[in-house]
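**Student:** Could you look at this predicted model? Sequence included:
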Amino acid sequence: MSRWVSTMVWLLVLVAFAALGSITDDERLMTLAIQTFIFAALASSWNVLGGFAGQVSLGHAAFFGLGALITRELWLGEMALPLAIVIALAVTAAVAAAVGLPMLRFRGIYFSVGTLALGVAVWITAGNVWPGISSLPADALREYEFTGPYYVALGVVAVVVAVSMWLKRSKLGLGMMAVREDEEAASATGVSALAYKMIAFVISAVLAALAGAAFAFFSVSYYPQFPFSVVWTFEAITIVFVGGVGTIVGPLVGSVFFVVGRDMLSSTFPEIQVLTFGVLFIVVVLLLPGGFVEAGQRLFKLVSRGGADQKAKTGIRPGEREGKEKT
Amino acid sequence: MTQLVLQSAVSGLLVGGMYGLVALGLALAFGVLKVLNVAHGELVMLGGYAAFLIFTERGIDPLLSMPLVFVVLAFIGVVLYQLLFRFVVRFDIEKRIKNSLLISFGLVLILQAIAVLLFTGDDRSIVTGYSSAAWVVGMVRIPWVRLSGLVVAVIAAVALEWLLTRTTFGHAVRGTAEDWSLASLAGVDVRRVYMIAFAISAGLAGLAGSMVSLGYSVNPTIGLGWTLKALVVIVLAGLGSMRGIVLAGMLLGLIEGLASVWVGGPYRGVVALVVFLVVLSFRPQGLFGRGGAYV
């Protein structure tokens, strides 16, 4: 698929979702769509750092929460939403730049546990500083409509996906992937591993804050501590890996699976729902190690040239001899 | 003031022993199988319910029923290994950590849901004749039930270290942890070692659960909190020393205890995590870790 065709397809999808927002006024459908958008944006933002640059952060919710907190406070303080979001993103970028440097000195599992510790520390602090519930004022509550949040959340996903696509094709993204594959080799060929990891960390944090802003605008009332919860991080990672890590489509497909799957099961008891979802999730991870995207690619290959593949299996494939010599 | 500081320090050390006990099992699974089982805290929770049920149904004291709880949880560990983690250890090491993280996250959801269905969401704890008994040393009060948690942690760490360093099976375990393919060439049944190590890891979670239901309380959602503490303890200690893990747990508890006096109760967790990050910055191999060692 050429670049232009794929861009057109993405634009068509966007237009279709935009149209859907003005056609339907089914509240359940709108809520599901908004939740999917928020999760898709959050998961895609984690994917920039975890999928492209290969740094598994377990403290991602800190930036989601920060974006939500600042946007909500400024917006409820009578500031225009776009301005509130811009300020939230700027503050998040500054915080991420300050925190990123000491964190990225840790490697592998130490980075994961380090970011986890940071995320939990911020989570507890947020709960201590803002113990009260954050609700929309009565006037706003009476006028509440799903259309506004729907388009804001859709716009947020569009921005996050666009940035991810641009990154994946740019030199910057290539540098990140080089660091992911082999940090030493990348450094030896003149790629500054730390610089690329820092850029990925800051972009990822800012995009997470953007998702947080959509959450703050959508939610009627919640505890300010809630978006800082580690559970958001775990859910984002879940979505990314179920969909396909390091891909653009993966986090999007994963979030549809996650939100719709959870909702479809919610007609039964909540415990049964969680139980079923847990089992389903493990089955997906065990049977499709590359996520939905890889499974889809395999299926596509199988359908498009099933006969040729069958023949290839009987003969010696290139690489097979090499493999044998290695072992 | 001195009394408050001393009491908080002692309470912190006692809780810290429990952090160490939870971390022992997690470290064993991580060191040997290279799987990160974030559902370890849920196994602690199940152990807590097991001890609670044995106490309420049969009236057996949790300190006496501990071996039974160990066996029950070790059995659950074998089942989980055969159903799930057996497939994870087929991957190379980096993929193992990722896949085990995902699978055990699913396991967290499942075990929590099962616990709510079976035991409801209420807090449970075991009340025995000695529940309120305590030694008073000077100005400091040491509750028996909490002290027993620390004692069990120390005994478990010493026993585990003896098993790993003094027995043939332990040598097989450490060899497997170091390089499973070399161990396999040397005649070690790697799959069996994996299964038994995971069973012991789950059994240790059972011991921790017994002590949690005795000195603290159990409900279906306690798991994540214990897992997080245990993760911090493992990185703080560094792999390679089981005694080091219990010491690091006590250190974490001590910092939390003192922070609750000097910084304020709500921030004790934050202070401990900040100290952890600082230690990690200056000693990435951990406080007691031996470079290159796994268990």
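**Tutor:** Arrived safely. Numbering: from 1, shown residues only, chains lettered A, B, ... in the order given.
**Student:** Please make it C-alpha for all contacts and neighbour counts, starting now.
**Tutor:** Will do.
**Student:** Distance across stretch A:240-254, terminal residue to terminal residue?
**Tutor:** With Cα to Cα, to the nearest Å as the measure, the ends of stretch A:240-254 fall 6 Å from one another.
**Student:** what's next to that stretch, contact-wise?
**Tutor:** A:40, A:43-44, A:46-48, A:50-52, A:161, A:164-165, A:239, A:255, A:281, A:284-285, A:288, A:290-294 (Cα atoms under 8 Å, 6 or more residues apart in numbering or on different chains).
**Student:** those helices in the stretch 51-200 of chain A, which residues are they?
**Tutor:** Taking DSSP state H, counting those that start in this stretch to define them, one finds helices in the stretch 51-200 of chain A at A:61-76, A:81-104, A:109-129, A:138-142, A:147-169, A:171-181, A:183-188, A:193-218.
**Student:** how about the CA coordinates for the first one, as PDB?
**Tutor:** By that I understand helix A:61-76. Presented in PDB, the C-alpha positions along helix A:61-76 are these (Å, rounded to 0.1, in the frame of the first residue of the first chain):
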ATOM      1  CA  ALA A  61      -0.200   6.900  34.400                       C
ATOM      2  CA  ALA A  62       1.600   9.700  36.200                       C
ATOM      3  CA  PHE A  63       1.600  11.700  32.900                       C
ATOM      4  CA  PHE A  64      -2.000  10.700  32.100                       C
ATOM      5  CA  GLY A  65      -3.000  11.900  35.600                       C
ATOM      6  CA  LEU A  66      -1.000  15.100  35.300                       C
ATOM      7  CA  GLY A  67      -2.600  16.000  32.000                       C
ATOM      8  CA  ALA A  68      -6.100  15.300  33.400                       C
ATOM      9  CA  LEU A  69      -5.400  17.200  36.700                       C
ATOM     10  CA  ILE A  70      -4.100  20.400  35.100                       C
ATOM     11  CA  THR A  71      -6.700  20.500  32.300                       C
ATOM     12  CA  ARG A  72      -9.500  19.900  34.700                       C
ATOM     13  CA  GLU A  73      -8.400  22.500  37.200                       C
ATOM     14  CA  LEU A  74      -7.800  25.200  34.600                       C
ATOM     15  CA  TRP A  75     -11.000  24.300  32.600                       C
ATOM     16  CA  LEU A  76     -13.200  24.300  35.700                       C
END
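**Student:** residues in contact with residue A:39?
**Tutor:** A:211, A:236, A:255.
**Student:** before we move on, the earlier item: got the helices of the stretch 51-200 of chain A as CSV, with distance to chain B and mean pLDDT columns?
**Tutor:** Below are the helices of the stretch 51-200 of chain A laid out as CSV (distance: least, Cα to the nearest Cα, whole Å; pLDDT from 0 to 100):
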stretch, distance to chain B, mean pLDDT
helix A:61-76, 14, 95
helix A:81-104, 8, 94
helix A:109-129, 5, 87
helix A:138-142, 32, 80
helix A:147-169, 22, 93
helix A:171-181, 12, 90
helix A:183-188, 14, 86
helix A:193-218, 16, 95
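**Student:** how about TSV for the ones you listed, with mean neighbour count added?
**Tutor:** Below are the helices of the stretch 51-200 of chain A laid out as TSV (neighbours: other Cα atoms under 10 Å in any protein chain shown):
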stretch	mean neighbour count
helix A:61-76	27
helix A:81-104	18
helix A:109-129	21
helix A:138-142	10
helix A:147-169	20
helix A:171-181	20
helix A:183-188	14
helix A:193-218	26
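**Student:** nearest spatial neighbour of residue 260, skipping sequence neighbours?
**Tutor:** Picking chain A for this. Leaving out its chain neighbours, the residue that sits closest to residue A:260 by Cα to Cα, 6 or more residues apart in numbering or on different chains is residue A:32, at 7.2 Å.
**Student:** please go with chain B instead
**Tutor:** residue B:268 (4.9 Å).
**Student:** that older thread, quick one: which of the contacts of stretch A:240-254 sit in helices?
**Tutor:** Among the contacts of stretch A:240-254, the members falling in helices (DSSP state H) are A:40, A:43-44, A:46-47, A:161, A:164-165, A:239, A:255, A:281, A:284-285, A:291-294.
**Student:** Now a ChimeraX select for only the buried ones of the residues you listed.
**Tutor:** Buried subset of the ones in helices among the contacts of stretch A:240-254, written as a ChimeraX selection, criterion 16 or more other Cα atoms under 10 Å in any protein chain shown:
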select /A:40,43,44,46,47,161,164,165,239,255,281,284,285,291,292,293,294
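**Student:** host element of the residue nearest to residue B:23 when sequence neighbours are not counted?
**Tutor:** Once flanking residues are discounted, residue B:23 sits nearest to residue B:230: 4.3 Å by Cα to Cα, 6+ apart. Using DSSP states H and E, residue B:230 falls within helix B:223-237.
**Student:** for the record, mean pLDDT for that helix?
**Tutor:** In this model, helix B:223-237 has a mean pLDDT of 89.
**Student:** what about residue B:13, distance to residue B:151?
**Tutor:** Counting by Cα to Cα - residue B:13 and residue B:151 are separated by 11 Å.
**Student:** Please say which of the two ends up with more neighbours.
**Tutor:** For residue B:13 versus residue B:151, neighbours defined as other Cα atoms under 10 Å in any protein chain shown are more numerous around residue B:13 (25 against 15).
**Student:** Excluding chain neighbours, give the residue nearest to residue B:160 in space.
**Tutor:** Nearest to residue B:160 is residue B:242, by Cα to Cα, 6+ apart, at 7.2 Å.
**Student:** Which strand or helix spans the residue in the stretch 151-295 of chain B positioned nearest to chain A?
**Tutor:** Among the residues of the stretch 151-295 of chain B, residue B:270 lies nearest to chain A; the distance is 4.7 Å by Cα to the nearest Cα. Assessed by DSSP H and E, residue B:270 sits inside helix B:268-282.
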